[in-house]
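S.K.: give the three-dimensional model of this entry:
(chains A and B, ligands or ions: 3)
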Amino acid sequence: MKSDSAAGLYVHVPFCKGKCPYCDFYSITDPGAERRWARALIREGQGYRADFSAFDSLYLGGGTPSVLPDDLLAELLAGLDALRPFASESERTIECNPNDLSPERIECYRSLGFNRISLGIQSLDDTELAFLGRRHRRSDTLRALDWVRERGPNNLGIDLIYGFAGHSIARWRSTLEAVLRYQPQHLSCYQLTLADRTPFGRAAATGQPRLATPEEQADLFLFTAEFLGERGFLHYEVSNFARDSTYRCRHNLKYWSRAPYLGLGPAAHSHRDGVRWWNPASVEAYCRAVEVTGSAAAGREQLSSEQIRLEDLALGFRTREGVALEQLDPGAPRTQAAIAELLEAGLATLAAGRLRPTTRGFLVADGLSLLFVA
Amino acid sequence: MSNIRNFSIIAHIDHGKSTLADRLIQHTGLVDARQFRDQILDSMDLERERGITIKSQTVTLPYIAADGTHYELNLIDTPGHVDFSYEVSRALASCEGVLLLIDASQGVEAQTLANMYLAMEHDLAIIPVINKIDLPSADIDRTREQIDRELGLDPDEALLCSAKEGIGIDAVFDAVIARIPPPRGSCTEPLSALLFDARYDPFRGAIISCRVFDGTVKPGDILRFMSNGHTHKVEEVGLFQIVREPRKELGTGSVGYIICGLKTVADTRVGDTITHDQRPAAKPQPGFRDVKPVVFSSIYPISSDEYSALLDALEKYKLNDAALIYQKDSSAALGQGFRCGFLGLLHLEIVQQRLEREYQQAIIMTVPSVQYHFKLKDGTSVIVENPLYAPDPTEIESAEEPYIRAGILIPERYMGVVMNLCLERRGTNPRTHYPTPGRIELVFDMPLAEVIFDFYDRLKTITQGYGSFDYEMIDYRQSELVKLDILVNGERVDALSLIVHRDRARQWAVQVCDRLKEEIPRHQFKIAIQGASGGKIIARSTISAFRKDVTAKCYGGDITRKRKLLEKQKEGKKRMKMVGAVMIPQQAFVAVLKTKDEK
Ligand SMILES: Nc1nc2c(ncn2[C@@H]2O[C@H](COP(=O)(O)OP(=O)(O)OP(=O)(O)O)[C@@H](O)[C@H]2O)c(=O)[nH]1
Ligand code: SF4
Ligand SMILES: [Mg+2]
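M.R.: Ligands and ions are numbered 1, 2, ... in the order given. Next up, the predicted model:
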């Protein structure tokens, strides 16, 4: 079975100006390989022409796409656009760090057809930004926000981080309030998470606090949902809020609905028709593989129907849409019992044939799928 | 044959049987120094982890006496724990004598006596051996006095040794040769071999341990199993010498193994007599007394489609544990399973763990129970050892439960605490004896149900290890019994239902509710645990919900990792029993049986 729904195209830009101590995305700080990477990426994309007939979203993520020189980016985009025509109403997002932006660069993005900017602000408090090891400060950020709002596309997403050690609701609230003045269409509010092989992960392992306690994180989560909900935002995924449903990130929705997507670049993952594959997390290995073979796929799995179901449930419970009842094996006594408990505990609602997590349900979304599998 | 000696080492638990076996093995050079490890006969992982012997083990030692004579010494190391006494009694049927070990620092204990009586029943030569004389707390004189007064043996005949330090080992060999008679029997008579143990080997089928009383057996022989007349051709015979050593034949008086391609385990019955098909023995060996299980519990596969795999595992397992009794059983909530009888709670625990480790069976065990007698108002009576089938309270005229006579041997100073423990466990009619100065034997009549859980552990704890305990069934006595159910979020957990004395119902219910609270992981929702009897809730506990487990990000590159994690957790769920939407870990069913150590 080949899926017909339009696919998403993801491009992993594996370059950053410096490494943030909490981040476990794959990126390097040496820009020396940028051009080689871009050439390999186009070549890799060409290899998938037969597998993807159309794209209706493009997402440049990373790493930090905004570190790319304008001319290189233009070259890259020309190559991508030549791969497959993008549907006319495509969503085209570029992730940016505030200190990379200038009015000219924003104009450049618009001219390259980007109609959505995702700005990695993380915080508007200078001590917090220093703690997070970010290279921008409040002043750069506010300036960048002004430019984006003046010249950028009318679809702005802002990324924020909360729930680090010492974070309070009051501080968090002031960050949210300040950010909302710029009327973003989309907010991603991520609880700080520790990854093992990061400086934060190692610090925490030796007992230095980096995270708020789970209770504090839960409180901050509920506060966020309530605060943004009151201001009209749609809490459509655990960490994602949209001004209204049209501003939900189309590209990311593909991940959660198990739609097809092609990921190009080092460490990028792809999915189509129940097959997942991924590239090596190394610029060198990636480029070499593409240069020699035209492809960089380093791993591949064909999902069984059981695995597909598990993914459907796990991903579904992360979104407000939840999961269709017929996916839950409705005849099984375990299903009846689990639904009753979730409703009773206020973790889910049942309507229109779907079991949807509530805000408190989102907080425990990771294990919900397991209640419905034998 | 005059150069063969067959003997067991018997003793109370921990008195050093396996350690003495080590020294005897080393002395004969059977195992080279590099391959040696302590308690080498305790080959099962469980035995090594717990530091106790669970299975009797045979080893044939080639021994050369000082005068140059070669001997074949068949030594059987036996377990000391009371729950494995069936292992001891079967081993003794293959022997002409025993080494009765007594720990010089502990003196005679309950299983010293019980095992000595077993040896007497078999008319065996008994050599008392006082062990651990190296310990500063060893009291050889007192031990001698106990041998005299409590065992009725001649203390002057007792050997002194330290199995650990290797002291007195030569004298043990000398005594085995001089004081244990060689096997009697005739090599010209028809073959008569007693099948006293077996083990299933996936490649070779059943491996039979046997003692040849008359005749000889060799590869190619056609054997007849006297209990059912089935015949099988011998593939291999040999001796146990830590590893199996094939031999051309097993002669009269020997202890060794036979392999005859028994892939269907049903043909292998411990206690059976093996003879030649062409020239059969006139009558079988007496065999073994039946095991009388005292504790009953049902075993269910955690996932119900594993039932036939469990049946297969039980059949094979039973070859190596003749004390286990089982029959089919089923429950609405738990599906198809087996009702099993055990010799005690440790036996039960070992069966569970061996089924898991050796046969990869994930199982749930129901709360152990004894056998109750109910007289009903309609004049009929029923015997119930499964609480699920307890009659409705309104139908019961009267109920009876089994009583034991418990004999507890302790140093005098523990009299008070042990007395209290026994009274708390509904002990009645206390009597005391003073077998030797400073020691007391306390005898109580006690409901069996009160000792099957953790009585022995508690006794050990409160007497700092000095108390030992033995019991025999006496009779059934009238008792006020009630059925107790445990509910988790309103659903009854079949496996935890229990018949219990009215006065103990609340205490038990509280214990189960508390233990479950510790054992059941927090869920996304609150969990209420209740103990109910006669329609009333008599105990409760609550497990609050966890608030947060969600990870912040889940994008294209995270999905595979996330799913793999869920698959692992899903695998872990196989070790959980679902009651409604609540996942109860398998170990919770065992944990509820144990009272917490007092802080
Ligand atoms: N000091 C000392 N310790 C000994 C001696 N013999 C055995 N032990 C110790 O006593 C403990 C129990 O020894 P085992 O040989 O396992 O006892 P067992 O009688 O086989 O025990 P079960 O098989 O469980 O009944 C071990 O820690 C031994 O090291 C001895 O002669 N002296
Ligand atoms: S958080 Fe963003 S900028 Fe920082 S290292 Fe990670 S990808 Fe680069
Ligand atoms: Mg032992």
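
S.K.: can you show me the helices along chain A?
M.R.: In chain A, the segments counted as helices under DSSP state H are A:34-46, A:70-83, A:103-111, A:126-131, A:138-151, A:169-180, A:199-205, A:214-230, A:250-256, A:283-293, A:305-316, A:333-344, A:359-363, A:365-368.

S.K.: I meant chain B, not that one.
M.R.: Using DSSP H, helices in chain B cover B:17-27, B:45-50, B:85-92, B:110-121, B:140-146, B:169-179, B:307-320, B:345-359, B:415-424, B:455-462, B:502-519, B:559-573, B:586-591.

S.K.: and B:Asn429, how far from ligand 2?
M.R.: B:Asn429 is 78 Å from ligand 2, where distance means CB to the nearest ligand atom, to the nearest Å. Just so you know, the C-beta spots here come from the backbone N, C-alpha and C atoms, and that holds for glycine as well.

S.K.: next, the contact list for B:His81, please.
M.R.: For B:His81, the contact set (CB atoms under 8 Å, 6 or more residues apart in numbering or on different chains) comprises B:Ile13, B:Ile52, B:Ile54, B:Gln111, B:Leu346.

S.K.: skipping its backbone neighbours, what lies nearest A:Arg151 in space?
M.R.: Spatially, and ignoring its direct neighbours in sequence, A:Arg151 is nearest to A:Ile106 (4.8 Å; CB to CB, 6 or more residues apart in numbering or on different chains).

S.K.: correct me, but that neighbour touches A:Arg149?
M.R.: No: using CB atoms under 8 Å, A:Ile106 makes no contact with A:Arg149, being 9.9 Å away.

S.K.: and these two? which has more neighbours close in?
M.R.: A:Ile106 (22 against 15; other CB atoms under 10 Å in any protein chain shown).

S.K.: measure that one to chain B for me?
M.R.: 25 Å (CB to the nearest CB, to the nearest Å).

S.K.: also A:Phe233?
M.R.: 17 Å.

S.K.: just checking, that residue touches A:Ser245?
M.R.: No: here A:Phe233 lies out of contact with A:Ser245, judged by CB under 8 Å, at a distance of 11.0 Å.

S.K.: the more surrounded of these two?
M.R.: Neighbours were counted for A:Phe233 and for A:Ser245 using other CB under 10 Å; A:Phe233 has more, 22 against 9.

S.K.: pLDDT value on that one, please?
M.R.: With respect to pLDDT, A:Phe233 has a value of 98.

S.K.: one more: B:Tyr300?
M.R.: 90.

S.K.: how about the contacts made by it?
M.R.: If you count contacts by CB under 8 Å, 6+ apart, B:Tyr300 has them with B:Ser331, B:Leu334, B:Gly335, B:Gln336, B:Gly337, B:Phe338, B:Ile363, B:Ile364, B:Met365, B:Thr366, B:Ala495.

S.K.: and what of B:Val482?
M.R.: By CB under 8 Å, 6+ apart, the residues touching B:Val482 are B:Pro393, B:Ile499, B:Val500, B:His501, B:Arg502, B:Ala505, B:Ser533, B:Gly534.

S.K.: one more pass at 10 Å, please.
M.R.: Contacts of B:Val482 were listed using CB atoms under 10 Å, 6 or more residues apart in numbering or on different chains, and they are B:390, B:393, B:396, B:399, B:498-505, B:533-534, B:538.

S.K.: run a quick neighbour tally on the nearest residue to B:Thr268 once chain neighbours are set aside.
M.R.: Distances taken as CB to CB, 6+ apart put B:Ala206 closest to B:Thr268, at 4.4 Å, once the chain neighbours are dropped. Residues contacting B:Ala206 under the criterion other CB under 10 Å number 24.

S.K.: on that earlier part again, hang on, isn't the residue nearest to A:Arg151 packed against A:Gly152?
M.R.: Yes: contact criterion CB atoms under 10 Å: A:Ile106 and A:Gly152 qualify, at 4.9 Å.

S.K.: hey, what's in contact with both of these two?
M.R.: The contact sets of A:Ile106 and A:Gly152 overlap at A:Cys96, A:Phe114, A:Ile117, A:Ala144 (CB under 10 Å, 6+ apart).

S.K.: the third one pairs with what?
M.R.: It refers to A:Ile117. Beta-bridge partners recorded for A:Ile117 (DSSP bridges): A:Ile94, A:Leu156.

S.K.: please name the residues that touch it.
M.R.: Neighbouring residues of A:Ile117 by CB under 10 Å, 6+ apart: A:66, A:92-96, A:101, A:106, A:109-110, A:144, A:148, A:152-153, A:155-158, A:184, A:186.

S.K.: before we move on, the earlier item: which of the contacts of B:His81 tops the neighbour count?
M.R.: Counting by other CB under 10 Å, top hit in the contacts of B:His81: B:Gln111 with 26 neighbours.

S.K.: excluding its backbone neighbours, what's nearest it?
M.R.: B:His12 (4.0 Å).

S.K.: which strand runs longest in chain B?
M.R.: Ranked by number of residues, the top strand in chain B under DSSP state E is strand B:396-411.

S.K.: for that strand, could you pull out the residues that count as buried?
M.R.: For strand B:396-411, a neighbour-count test (16 or more other CB atoms under 10 Å in any protein chain shown) marks B:396, B:399-410 as buried.

S.K.: quick check: angle from that strand to helix B:110-121?
M.R.: Angle, strand B:396-411 to helix B:110-121, by axes from the mean of the first three to the mean of the last three CA atoms, to 10 degrees: 100 degrees.

S.K.: strand B:396-411 vs helix B:455-462, what angle?
M.R.: Using the same axes, to 10 degrees: strand B:396-411 against helix B:455-462 is 30 degrees.

S.K.: need the per-residue pLDDT for the residue of the stretch 101-250 of chain B found nearest ligand 1.
M.R.: The minimum distance from the stretch 101-250 of chain B to ligand 1, using CB to the nearest ligand atom, falls at B:Lys164 (3.3 Å). In this model, B:Lys164 is scored at 96, pLDDT.

S.K.: give me the neighbour count for residue 371.
M.R.: Using chain A. Neighbours around A:Leu371, by other CB under 10 Å: 24.

S.K.: nope, chain B please
M.R.: 20.

S.K.: please list the residues of the stretch 51-200 of chain B that sit near ligand 1.
M.R.: Within the stretch 51-200 of chain B, the positions adjacent to ligand 1 are B:Ile52, B:Thr53, B:Pro79, B:Gly80, B:Asn131, B:Lys132, B:Asp134, B:Leu135, B:Ser162, B:Ala163, B:Lys164 by CB under 6 Å from any ligand atom.
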